[in-house]
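A.B. asks: structure for this input, please:
(2 chains)
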Number of protein chains: 2
Amino acid sequence: MKKGIAEVPGITCGTGFGGIKKTEKKIDRPDTLVIVTDEPSNFAAVFTTNDIQAAPIKFSKSIKGKVCGIVANSGNANACTGEQGLKDAEEMAKIASQLTGKEGQLLVASTGVIGEPLPMDRVKKGIEEAVKNLGKAREEEPARAIMTTDTFPKVSFREGNGFVVGGIAKGAGMIDPAMATMLSFVATDAKVNSETLQRALKEAVDVSFNAITVDGDMSTNDCVFLLSTGKSEKVIDDSNYEEFRNLLTEVLKELAYQIVKDGEGATKIIRINVTGAKSKEQARKIARKIALSPLVKTAIFGCDPNWGRIIAAAGAASTGIEEEKVELYIGNHLLFKGKRTDFIEEEVFKYLKENDEIVIKLNLNLGNETFEYLTCDLTYDYVKINAEYRT
Amino acid sequence: MKKGIAEVPGITCGTGFGGIKKTEKKIDRPDTLVIVTDEPSNFAAVFTTNDIQAAPIKFSKSIKGKVCGIVANSGNANACTGEQGLKDAEEMAKIASQLTGKEGQLLVASTGVIGEPLPMDRVKKGIEEAVKNLGKAREEEPARAIMTTDTFPKVSFREGNGFVVGGIAKGAGMIDPAMATMLSFVATDAKVNSETLQRALKEAVDVSFNAITVDGDMSTNDCVFLLSTGKSEKVIDDSNYEEFRNLLTEVLKELAYQIVKDGEGATKIIRINVTGAKSKEQARKIARKIALSPLVKTAIFGCDPNWGRIIAAAGAASTGIEEEKVELYIGNHLLFKGKRTDFIEEEVFKYLKENDEIVIKLNLNLGNETFEYLTCDLTYDYVKINAEYRT
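C.D. replies: As a prediction, this is how the structure comes out:
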């Protein structure tokens, strides 16, 4: 078992099972998570930029000041649920607050099917159980409570100089970040003011959760919450901001990696590394276009060194790349340098066949900026999972 | 057999087989097409906006004035082929020009695998055969010569008042237009000057080829050529411009429809009709985002009335839609009106199951602008076709 958010000093977690998801299948994991902080804590948050925002997103966005925890459920997204949905999200916070005896505010998050009203009796049962279990949910257990189509819990933990950062995440489909496209709850015991916390979170999200895609579909429920319990003596200010931001980035990158690894139906992670760009934005656009290309993703699934599809996708970003300057590597194999090289197809096929993580390097030779995107291959199982999600 | 470009007065077509595609499978259709006009003709063209442009695109873009025809091949895209590729494209035009005895210029187009040099001996053989066969290729035969993963030839023909428009197209994968994402050759016998021809073509392409997507992948070889042979007495000017543009649009829409119908692995066409938008651009962005969503496309394949995915995709376009105003229909079933309606899932399932063409209507209730996009479902066979394209 690996450490996650529960191992951050000042954080206590409990999970419960309310039976929130309508299903005939037996679910052998919790569906409710309550996280509390010893003392009211500074927090930061980033939210989905989808026009359609789930009730818990609307509710959590309205929270200012300090919070004393998070209450979350899986199995129902409480999205497109109108006025009742908003009341239900509020109610979730209220129930958790009353049962834990915490007077401060709680952030709320939900994930699961869109458009079904929350079954509040079951949600209440889940929260009651989670509060009773406070302290018992450790390591990967809190992450299990927010899984939906995920096949494994996602946790990360790092120790810095005098402070730690630990977090959990969920996500496997509908992954396409334009903020954050999943749920992730992260905490640190460092003393960080809200403004610094928000800045660090945004910067870390931009190169982690906002640099992955599974299917280009952005969810209505995405959010990342970051809590600072202040339990350690470490105070973050301008002098050590980067130290904090970098450790936070490591944790978010590890969580983001796990989300892609668990991409629906995925057999391989694809790391798309664009270098030599005129601007970071150009590098990002091209990396993203390649990461979204079904033709590239199916080719990697088929272990086909089809460099033409990669170059075509890069060009489709319409950022002004120049064919004669482009260099393309798959692994260490140089396939294209202004034109096709004399690479040996069989060798690249072998690399694609034998590795679970495929590295595509594209050097534009136009400048010095870079961006890296993570995605996964597109397989029969992606179609299977999503064509049969509810039927 | 249906009429196409060969039935436009002033147009003559021939097809040949050069054996251009490297394959062990037997190909039972031609791979080379020569189209000639009786007299030098005005023409218009739109090209892919991909940064990476195939040699025939570069060559055809350089042509000004009148042309006396088109020479095209399938089985090899002549893309990412450097200087040699450009020479080969020029050579194709030259060979066809010499053999036909036409002194004017010829447009050139290629489609097929990217990055392999054109086997010019075979291309030459194909052109020789096509020129010998001039006049024999009628109805669907010219379209067969430009097929790759297409499963049927795409043709369209319309009669107007004193003039006709006829065309052919190819395309099944790598379909995402940002100009035109396939090959299409269209002709009219009306007398139209180059400027009017170009304007009509652009307007017609915007609502036909630029309003379809199969997989969001834009090709390096896309182009639409429109020839005016002037064989009829009909002169197009300001007074009858719309009559001409509308007939042209009908032909391009019919060709575009056939491309989506032949979308790789597709079992259903999805017609996405966005209404009540503040601007055409908003309607287009939302329609396109839904059309590109793998979650929507797999749900339709699975006959799952998963309206939440459609609403989430619409919101992901980030154009400022308002959940409480949105109305969503699948077929004639109203599924969402500010919130989920009490529609009967079984009935919508039945509609999805029993129809090959699925209509999704999304009314934003924000204004009066509309846009319609065509796409197809995402199936196991899409993955199969593209994971095994070369292996």
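
A.B. asks: where does pLDDT dip in the stretch 51-200 of chain A?
C.D. replies: A:172-181 (pLDDT under 70).

A.B. asks: the strands in it, which residues?
C.D. replies: A:67-76, A:105-113, A:154-159, A:164-170, A:183-188 (DSSP state E, counting those that start in this stretch).

A.B. asks: redo those strands as CSV? Include mean neighbour count.
C.D. replies: Placement of C-beta: from N, CA and C, glycine included. CSV is the format used below for the strands of the stretch 51-200 of chain A (neighbours: other CB atoms under 10 Å in any protein chain shown):
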stretch, mean neighbour count
strand A:67-76, 27
strand A:105-113, 25
strand A:154-159, 22
strand A:164-170, 27
strand A:183-188, 30
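
A.B. asks: can you read off the pLDDT for the closest residue to residue A:66 other than its chain neighbours?
C.D. replies: Ranked by CB to CB, 6 or more residues apart in numbering or on different chains and with sequence neighbours excluded, the top spatial neighbour of residue A:66 is residue A:40, at 3.8 Å. Model confidence at residue A:40, given as pLDDT, is 93.

A.B. asks: next, format the strands of the stretch 51-200 of chain A as CSV and append distance to residue B:238.
C.D. replies: Shown next, in CSV, are the strands of the stretch 51-200 of chain A (distance: least, CB to CB, whole Å):
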stretch, distance to residue B:238
strand A:67-76, 59
strand A:105-113, 56
strand A:154-159, 63
strand A:164-170, 61
strand A:183-188, 59
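
A.B. asks: I'd like to know which of those strands lies nearest to chain B.
C.D. replies: strand A:105-113 (6.9 Å; CB to the nearest CB).

A.B. asks: show me what the closest one is packed against.
C.D. replies: In terms of contacts (3 or more CB pairs under 8 Å, 6 or more residues apart in numbering or on different chains; DSSP states H and E), strand A:105-113 is packed against helix A:55-61, strand A:67-76, helix A:82-100, strand A:183-188, strand A:223-228.

A.B. asks: so which of these gets nearest residue A:306?
C.D. replies: strand A:183-188 (33.7 Å; CB to CB).

A.B. asks: partner strands of that closest one, with direction?
C.D. replies: strand A:164-170 (antiparallel), strand A:223-228 (parallel) (DSSP bridges).

A.B. asks: quick one: the residue nearest to residue A:66 is in a strand?
C.D. replies: Yes: counting by DSSP: H, G, I helix; E, B strand; the rest coil, residue A:40 is part of a strand.

A.B. asks: ok, now which ones touch it?
C.D. replies: Neighbouring residues of residue A:40 by CB atoms under 8 Å, 6 or more residues apart in numbering or on different chains: A:66-68, A:104.

A.B. asks: in JSON lines, list the residues you listed along with distance to residue A:136.
C.D. replies: As requested, these are exported to JSON lines (distance: CB to CB, whole Å):
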{"residue": "A:66", "distance to residue A:136": "25"}
{"residue": "A:67", "distance to residue A:136": "22"}
{"residue": "A:68", "distance to residue A:136": "19"}
{"residue": "A:104", "distance to residue A:136": "22"}
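
A.B. asks: could you work out the most separated pair of those?
C.D. replies: The distance between the two most remote of those (CB to CB) is 7.3 Å, for A:66 and A:68.

A.B. asks: shared neighbours of those two, which are they?
C.D. replies: In contact with both residue A:66 and residue A:68: A:40-41, A:104-105, using CB under 8 Å, 6+ apart.

A.B. asks: so what's residue A:285 closest to, chain neighbours aside?
C.D. replies: Residue A:285 sits nearest to residue A:317 (CB to CB, 6+ apart), 4.6 Å away.

A.B. asks: now do the contacts for the one you found.
C.D. replies: Residue A:317 neighbours (CB under 8 Å, 6+ apart): A:282, A:285-286, A:288-289, B:51.

A.B. asks: please flag which of those residues sit within strands.
C.D. replies: Among the contacts of residue A:317, DSSP state E puts none in strands.

A.B. asks: tell me which two in those are the farthest apart.
C.D. replies: A:288 and B:51 (14.8 Å).

A.B. asks: chain center to the host helix or strand of residue A:247: distance?
C.D. replies: Here residue A:247, judged by DSSP states H and E, is contained in helix A:241-261. Taking CA atoms, centre = their mean, to the nearest Å, the mean C-alpha location of helix A:241-261 is offset from the chain mean by 10 Å.

A.B. asks: so that helix, near chain B or not?
C.D. replies: No: figure legend: helix A:241-261 not in contact with chain B (CB under 8 Å from any CB of the partner chain); closest approach 15.2 Å.

A.B. asks: now the angle from the next helix-or-strand element following that helix to helix A:241-261?
C.D. replies: For helix A:241-261, the succeeding helix or strand toward the C-terminus, using DSSP H and E, is strand A:269-277. With axes from the mean of the first three to the mean of the last three CA atoms, to 10 degrees applied, the angle from strand A:269-277 to helix A:241-261 works out at 130 degrees.

A.B. asks: partners of strand A:269-277, with directions?
C.D. replies: Sheet pairing for strand A:269-277, using DSSP bridges, gives strand A:357-363 (parallel), strand A:369-376 (antiparallel).

A.B. asks: that concludes my questions; thank you for your assistance.
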